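>>> requesting a structural model of the entry that follows:
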Amino acid sequence: MSFKIKMTTATMAACIAFAAAPASAANILFPDYEEFKSHTVTGSDFNAELARQYQTLSAYEYEEMYDYIDAETYAERGMMAEKDISPSPFKPEEWSIDDPSAMKELQAARVELIGALQKGAGNIAPGRAANAQAKFDCWVEQQEEGWQTDHIAQCREGFRAAMLDLHEAMMPKKAEAEPAAPVAKTEPLALPPRVELSREVIYFDFDDATLTQSAERKIRLLTESIADLDDINVHVEGHADRAGPSDYNKALSEKRAENVRNALIANGLPTSKLKRMLTDSEGETDPAVATADGVREARNRRVEISVTGFEQKTASTQ
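This is a model prediction of the structure:
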């Protein structure tokens, strides 16, 4: 059961009284928030980064959402982190989350996050690791409340994007080649070539980057089809037709690619199995169908998704 659920009747009554009290009452009922809200956190290690993330969450809950209890909770965790005591990511089982599928999804996400932290994510990429933990805790807290679906989605998708960035940062760096003495030639170990395992094209309405129902279905099916693949590259490339200024079309194609990338992550793209994910935009410079400038063409308003990997890792369809 969460901190909010465990509140006593007396504390709740005090919170009601607080609503009519002057702002100075915050340091009586919510001392951690009051002490931590404007405090300057120094340092760049994982705990310092985490403290700043919690500071932002605390201020948002208090000043924007008027959720004083969660503001105090985040402030408390931020103060722990600043004292070099790393608070563990929230445990979904300790929160009152009624949706079984959401609970299962959160539990799986926590396993992925804890796994990354145990592999040294906090030392390798402290900022990205702290961002991932803060987004996860935000997701848990919002899921318990259960009614702000847009906030739940923002925290959930923010966590998935953060984990993608974290996995990328944790990939082994290629060592720079050093000059070496000549050695006898040997045949290199032959590696199978990477091949395109899957491709999908997502189309958009004119002057729009919003995913249609058809596009969302295509993305969902694609994500399911590559769920069992390992060591894959995913390339998301945005395009636009030639109606409108070229700089506008460049920005529009970038937004389309970004929306598709976020949808892939939201649908459970296996980020831990990715070798690389690249998102870019071509604007109107690489049309599927050549047209004169200023011409609308539905087939050019698209995002191309290409998944490449090793052929022998493709799941059998027999």
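
>>> okay, CA-based contacts and neighbour counts for the rest of this
Noted.

>>> now do the domain split for this protein, please.
9-170, 195-312 (automatic domain parsing).

>>> pLDDT weak spots in the chain?
1-29, 173-192, 271-273, 312-318 (pLDDT under 70).

>>> quick check, central residue of it?
The central residue of the chain, meaning the one whose C-alpha is nearest the mean C-alpha position (CA atoms, centre = their mean), is Ala161 at 2.0 Å.

>>> which strands or helices does the host helix or strand of that residue pack on?
Following DSSP states H and E, the helix or strand that holds Ala161 is helix 149-170. Applying 3 or more CA pairs under 8 Å, 6 or more residues apart in numbering; DSSP states H and E, we find helix 149-170 packed against helix 121-124, helix 126-145, helix 246-266.

>>> switch those helices over to a markdown table; also include mean neighbour count and distance to Ser88.
Below are the helices and strands packed on helix 149-170 laid out as a markdown table (neighbours: other CA atoms under 10 Å; distance: least, CA to CA, whole Å):
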| stretch | mean neighbour count | distance to Ser88 |
| --- | --- | --- |
| helix 121-124 | 18 | 12 |
| helix 126-145 | 24 | 9 |
| helix 246-266 | 21 | 24 |
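
>>> dump those to a markdown table, plus distance to Glu112.
Shown next, in a markdown table, are the helices and strands packed on helix 149-170 (distance: least, CA to CA, whole Å):
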| stretch | distance to Glu112 |
| --- | --- |
| helix 121-124 | 12 |
| helix 126-145 | 11 |
| helix 246-266 | 14 |
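
>>> select, out of the ones you listed, the one closest to Leu222.
Among the helices and strands packed on helix 149-170, helix 246-266 comes nearest to Leu222, with 8.5 Å by CA to CA.

>>> run the chain-centre distance for that closest one.
Put simply, helix 246-266 sits 16 Å off its chain's centre (CA atoms, centre = their mean, to the nearest Å).

>>> residues contacting it, please?
Residues from elsewhere that reach helix 246-266, judged by CA atoms under 8 Å, 6 or more residues apart in numbering: 156-157, 160-161, 207-211, 216, 219-220, 223, 236-242, 271, 279-284, 302-303.

>>> whichever helix or strand comes after it pairs with which strands?
Downstream of helix 246-266, the next assigned helix or strand under DSSP H and E is strand 274-281. The strands beside strand 274-281 in its sheet (DSSP bridges) come out as strand 232-238 (parallel).

>>> how far off helix 246-266 does the partner strand point, in degrees?
140 degrees (axes from the mean of the first three to the mean of the last three CA atoms, to 10 degrees).

>>> buried stuff in strand 232-238?
232-238 (16 or more other CA atoms under 10 Å).

>>> export that strand as CSV, just CAs?
Provided in CSV are the C-alpha atoms of strand 232-238 (Å, rounded to 0.1, in the frame of the first residue of the first chain):
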residue,chain,number,x,y,z
ILE,A,232,18.8,-5.6,-34.2
ASN,A,233,19.1,-2.2,-35.8
VAL,A,234,16.0,-0.1,-36.2
HIS,A,235,16.0,2.9,-38.6
VAL,A,236,13.1,5.3,-38.5
GLU,A,237,13.1,7.8,-41.4
GLY,A,238,10.6,10.6,-41.9
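
>>> now do the buried residues in stretch 238-247.
Residues of stretch 238-247 classed as buried: 238-243, 246 (neighbour count, 16+ other CA under 10 Å).

>>> and the closest residue to Cys155 other than its chain neighbours, what is it in contact with?
Residue nearest to Cys155 in three dimensions, not counting chain neighbours: Trp139, with 4.8 Å by CA to CA, 6 or more residues apart in numbering. Trp139 sits next to 152-153, 155-156, 159 when contact means CA under 8 Å, 6+ apart.

>>> make CSV out of the buried residues of strand 232-238 and add distance to Ala59.
CSV is the format used below for the buried residues of strand 232-238 (distance: CA to CA, whole Å):
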residue, distance to Ala59
Ile232, 39
Asn233, 38
Val234, 36
His235, 37
Val236, 35
Glu237, 37
Gly238, 36
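
>>> what is the nearest of these to Leu113?
Ile232 (20.3 Å).

>>> touching, that closest one and Arg276? I think so.
Yes. Using CA atoms under 8 Å, Ile232 makes contact with Arg276 at a distance of 6.9 Å.

>>> re earlier: which outside residues touch whatever helix or strand comes next after the helix holding Ala161?
Sequence order places strand 194-203 as the next helix or strand after helix 149-170, per DSSP H and E. Residues from elsewhere that reach strand 194-203 (CA under 8 Å, 6+ apart): 215, 218, 222, 298-299, 301-311, 314.

>>> for Ser38, helix, strand, or coil?
At Ser38 the chain is in coil, as set by DSSP: H, G, I helix; E, B strand; the rest coil.
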